[in-house]
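Student: predicted model, plus sequence, below.
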Amino acid sequence: MEAFYTIQGEGHNTGRAAYFIRLGGCDVGCHWCDVKESWDATSHPLTSVETIVAQAKEYPGQAVVITGGEPLIYNLDVLTQELQAAGIRTFLETSGAYPLSGSWDWICVSPKKFKKPQPDVLQKASELKVVVFHKSDFGWAEEHADQVAPHTKLYLQPEWSKAEQMMPLIVEYVKNNPKWQVSLQTHKYLNIP
Ligand SMILES: C[S@@+](CC[C@H](N)C(=O)[O-])C[C@H]1O[C@@H](n2cnc3c(N)ncnc32)[C@H](O)[C@@H]1O
Ligand SMILES: Nc1nc2[nH]cc(C(=O)O)c2c(=O)[nH]1
Ligand code: SF4
Ligand SMILES: [Mg+2]
């Protein structure tokens, strides 16, 4: 759908320069999704793996973030192998709703109520990033924290339109449950893509 060089705004790798590759197509249907224009894959032109990798190599960042849409609706083996062969680290943003493919240096799973994450993808998560839209989402976050591996980092991220209401609850929750950390969509405060 699009590719752009920016700063990773969310989660464990916040603050790192990265080339973002946003793949079109998603049927998970989060009503608060901030990239609804990505949902219809047919409205975006196809780009070859060669072109994507060649463009990624033009930037000095040492990492790419593959996001979407839901990137795991595609088999990402060839794309990620080519990127790693070029010395670029591969970071994934996924809901976990589709089978895992690809060769990854970092996997961020952000589970969704609207289409459940697959158990084996949760087990391979480097980080679990739960979007908090309502106070009931803390219990739902814990249910998913029980399904990840012991090394998985845990993040709570306010849903953007509810950030003002949810932030005080997230702050109190993390103070009382310090296995969790706060993740903010810092790129939106920085006014960058
Ligand atoms: C647009 S999604 C694309 C990748 C994948 N489909 C997913 O949901 O993880 C990228 C990240 O943005 C988060 N996100 C999307 N809309 C958001 C919103 N309104 N507020 C906070 N986070 C949001 C998702 O939960 C996910 O972690
Ligand atoms: N700067 C920036 N960081 C991000 N982290 C995850 C994003 C995404 O949409 O997947 C995103 C994004 O869209 N921009
Ligand atoms: S899974 Fe990701 S891209 Fe798909 S609707 Fe939800 S937030 Fe948007
Ligand atoms: Mg985004």
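Tutor: Thanks, I have the structure now. Ligands and ions are numbered 1, 2, ... in the order given.

Student: in three-state terms, label His144 for me.
Tutor: Using DSSP: H, G, I helix; E, B strand; the rest coil, the secondary structure recorded for His144 is helix.

Student: gap between it and Val109?
Tutor: As judged by CB to CB, to the nearest Å, His144 and Val109 stand 8 Å apart. For glycine as for every other residue, the C-beta is placed from the backbone atoms N, C-alpha and C.

Student: show me which of those two is the more surrounded one.
Tutor: Set His144 next to Val109 and count neighbours by other CB atoms under 10 Å: Val109 wins out with 29 against 20.

Student: test my guess that the more buried one contacts Val130.
Tutor: No. Here Val109 lies out of contact with Val130, judged by CB atoms under 8 Å, at a distance of 9.4 Å.

Student: just to revisit the earlier point, okay, and the common contacts of His144 and Val109?
Tutor: Pro117, Leu122, Leu128 (CB atoms under 8 Å, 6 or more residues apart in numbering).

Student: residue ranges with poor pLDDT in this structure?
Tutor: For the chain, no stretch is flagged by pLDDT under 70.

Student: how about the helices in it?
Tutor: Assigned by DSSP state H, the helices in the chain fall at 49-57, 77-85, 119-123, 137-145, 163-176, 186-190.

Student: wait, what's in contact with the residue of the chain found nearest ligand 1?
Tutor: Ligand 1 sits closest to Ser110 of the chain, with a gap of 3.2 Å, by CB to the nearest ligand atom. Ser110 sits next to Glu93, Thr94, Ser95, Gly96, Leu128, Lys129, Val130, Val131, Gln157 when contact means CB under 8 Å, 6+ apart.

Student: so the first one is in contact with Cys108, correct?
Tutor: Yes. Contact criterion CB under 8 Å: Glu93 and Cys108 qualify, at 5.2 Å.
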